[in-house]
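Chemist: Need the 3D shape of this:
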Amino acid sequence: MPIKLNQVLAIEKDKKTKLNREISDDYKALQKAQLLNGHVRRFTPSNEEGETFPDERQHVQINYKDVFVSLQERLVDLMDVTATKDYTNCNARADVMMVDQKIIENAPVPYLLFLEKQLQDMYTFFDKMIELDSSELWEFDEESGLRRSGEVKAQRTKKLQKPIVLYQATEHHPAQTQLITEDVVIGTWTTRKYSGAIPKAEKKKLLDRVSALQDAVKFAREQANSVNAEQQAVGRKLMDYIFNSED
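Modeler: Numbering: from 1, shown residues only. Predicted structure coming up:
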């Protein structure tokens, strides 16, 4: 019965997880001496009328040959499902299309998966960029290659003390004065802002393009994964070579 590559992919992860767990259990079991070793202990009295004791037994719980049989079946299954996926991936290809424009022709599935990761990273990169402050009016400055705002002027003041006469001097009393503080304009600050941040509209355009490409690559991958998978049976040959008992 024909099988599709996307069907293989659907079962591959769970199957590999289960098989690897079972192989790991076998690996650990073969390192436990108490499971592999056993004994029979019999007591023989010194004379026929002497005290007797029942036999003592410790059964062998694991035989390495039995583990090898199970191990071979699991490894064959693991190797075959992976080979079926990887062999088919070599032939699973699709075009990345944007409307009527062919961006990439005949791309294999592994490369499409790579592109998905790269495009997601690019989307994040653009999305986190600081945007040009929209509260300012900007123009492009040819000399610096940056955007610049208009000039804003602000007065610079300084607090200065000066005396004022409260009462004029008379022939009987001296004049009475008092120091007061006042802000005096001493100049003007002229400020022009510069920015290398990206304009909001340009950032949105980049994000929209990357997002559209992401959709196109995912569609191409799904299309490529609908190819018929030729089931591989390579694991048995490998196991027969490893466990060949005729040598």
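Chemist: Can you tell me the SS state at the most far-flung residue of the chain relative to its centre?
Modeler: Relative to the mean C-alpha coordinate of the chain, counting by CA atoms, centre = their mean, the farthest residue is residue 171 (93.3 Å). At residue 171 the chain is in coil, as set by DSSP: H, G, I helix; E, B strand; the rest coil.
Chemist: Surely residue 129 and residue 200 touch.
Modeler: No - counting by CB atoms under 8 Å, residue 129 does not reach residue 200; the two are 10.2 Å apart. C-betas here are computed from N, CA, C, even on glycine.
Chemist: okay, and for this protein, where does confidence drop off?
Modeler: Scanning the chain for pLDDT under 70 picks out 1-2, 245-247.
Chemist: so what's residue 155 up against?
Modeler: Going by CB atoms under 8 Å, 6 or more residues apart in numbering, residue 155 touches 185, 187, 188, 189.
Chemist: Near the third one, how many other residues are there?
Modeler: The one in question is residue 188. Residues within reach of residue 188, counting by other CB atoms under 10 Å, total 9.
Chemist: Can you spell out which helices and strands pack onto whatever helix or strand residue 104 lives in?
Modeler: Following DSSP states H and E, one finds residue 104 within strand 101-108. In this structure, strand 101-108 makes packing contacts with strand 93-98, helix 200-224, judged by 3 or more CB pairs under 8 Å, 6 or more residues apart in numbering; DSSP states H and E.
Chemist: switch the cut-off to 6 Å
Modeler: Using 3 or more CB pairs under 6 Å, 6 or more residues apart in numbering; DSSP states H and E as the contact test, the elements touching strand 101-108 are strand 93-98.
Chemist: Show me what the strand it packs on pairs with in its sheet, parallel or antiparallel.
Modeler: Strand 93-98 sits in its sheet next to strand 101-108 (antiparallel), going by DSSP bridges.
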